[in-house]
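# based on what follows, work out the 3D shape:
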Amino acid sequence: MNAPVKKAVLPVAGLGTRFLPATKAMAKEMLPIVDKPLIQYAIEEAREAGIEDFALVTGRGKTIMEDHFDHAVELEQVLSERGKTAELEIVHEAMVPPGHMAYARQQKPLGLGHAIWCARQFVAGAPFAVLLPDDLVKAEPGCLSQMMAAYDEVGGNIVAVEDVPREQTNKYGILDVEMDDGRLAKARGLVEKPDPADAPSTLSIIGRYILQPQVFEHLDRHEKGAGGEIQLTDAMAKTLGDVPFHGLRFQGKRFDCGSKSGFIEANVAFALDRHDIGAEVRAALADYFKT
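Residues are numbered from 1 along each chain as shown. Reported below is the predicted structural model:
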């Protein structure tokens with residue numbers, strides 16, 4: 001039986017330079033998709049999948065996220081006094097119970113692998129999930145829930161994957177596939193951001209992982225890879241042979257909210273799906289496409 005996955009690490013130390021000036025004084029993970037910040041979507045997806053404990057790997061200027069998942073005494077008092085029970089419930093639903101949210105500081109931007117390494121004491125030898133809030137996945141059940149089901153089947157390390165155009169392989173970690181049944185792809189290797197001519201496949205890793213603690217044996221060495229950074233994919237690749245490795249083709253739509261176009265597309269998609277504003281948004285958008 002596979003050890004249960006109850007912990008999640010969310011690397012949120014990035015500067016968000018592609019969204020300046022909006023991110024000059026606000027963490028990019030707090031940018032809203034309709035009326036909910038990206039970080040909350042990630043936490044909710046993880047909770048749906050059975051995650052109980054969270055670690056945010058933060059940097060300077062990121063304390064706004066700590067406040068978001070805590071009590072807002074003045075706001076709650078005003079909402080209560082005004083009888084705004086629905087709004088008060090929304091505020092309470094965003095909170096993480098006491099003792100279930102930890103924070104680790106990544107003091108230098110040394111790569112995703114280094115960010116995960118900063119949470120090693122939190123992980124404490126257990127299997128764990130990693131969610132990158134920039135990758136927002138619209139899915140039912142959630143992407144991580146689908147991965148948990150696959151983990152129950154095969155164990156080991158599992159990543160969410162999707163096919164990308166070959167000319168874009170130099171933007172992603174790419175799987176070298178040994179076997180593929182159309183849903184689960186067993187990997188014999190993976191390469192970080194390969195040149196399209198050298199890519200072993202077009203099956204790319206997106207920002208969802210279930211990892212075994214053996215990955216820290218390699219992250220501890222702080223070996224630099226592509227871009228001069230400590231790459232998580234390099235450490236994962238070195239566990240091959242000792243830990244089974246699979247990529248799951250999840251059912252759903254992924255939005256790259258680290259890009260402006262992906263962020264806007266996500267806002268449109270999630271707004272259209274809302275029963276309270278969907279019809280209005282659809283009508284408003286139609287005005288822009290009249291000939």
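
# going by C-alpha atoms from here, please, whenever you check contacts or count neighbours.
Will do.

# what ranges does this protein have for its helices?
Applying DSSP state H to the chain gives helices spanning 38-48, 63-68, 73-81, 85-93, 112-117, 120-123, 143-154, 215-219, 232-237, 260-272, 278-287.

# so which of the ones you listed gets nearest residue 192?
Relative to residue 192, the nearest member of the helices of the chain by CA to CA is helix 232-237, separated by 6.3 Å.

# which of the helices of the chain sits most buried?
Among the helices of the chain, judged by mean count of other CA atoms under 10 Å, the one packed with the most neighbours on average is helix 112-117 (a mean of 24).

# so for residue 19, which of the helices of the chain sits nearest?
Closest to residue 19 of the helices of the chain, according to CA to CA: helix 260-272, at 7.3 Å.

# what's the angle between that closest one and helix 278-287?
Here helix 260-272 points in a direction 130 degrees away from that of helix 278-287 (axes from the mean of the first three to the mean of the last three CA atoms, to 10 degrees).

# related to what we said a few turns ago, quick one: closest of the helices of the chain to residue 7.
helix 120-123 (7.0 Å).

# picking up where we left off before, let's have the helices of the chain in a markdown table, adding mean pLDDT and distance to residue 22.
What follows is these, written out as a markdown table (pLDDT from 0 to 100; distance: least, CA to CA, whole Å):
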| stretch | mean pLDDT | distance to residue 22 |
| --- | --- | --- |
| helix 38-48 | 97 | 14 |
| helix 63-68 | 88 | 14 |
| helix 73-81 | 92 | 24 |
| helix 85-93 | 92 | 23 |
| helix 112-117 | 94 | 23 |
| helix 120-123 | 94 | 31 |
| helix 143-154 | 96 | 28 |
| helix 215-219 | 93 | 33 |
| helix 232-237 | 89 | 28 |
| helix 260-272 | 97 | 12 |
| helix 278-287 | 93 | 23 |
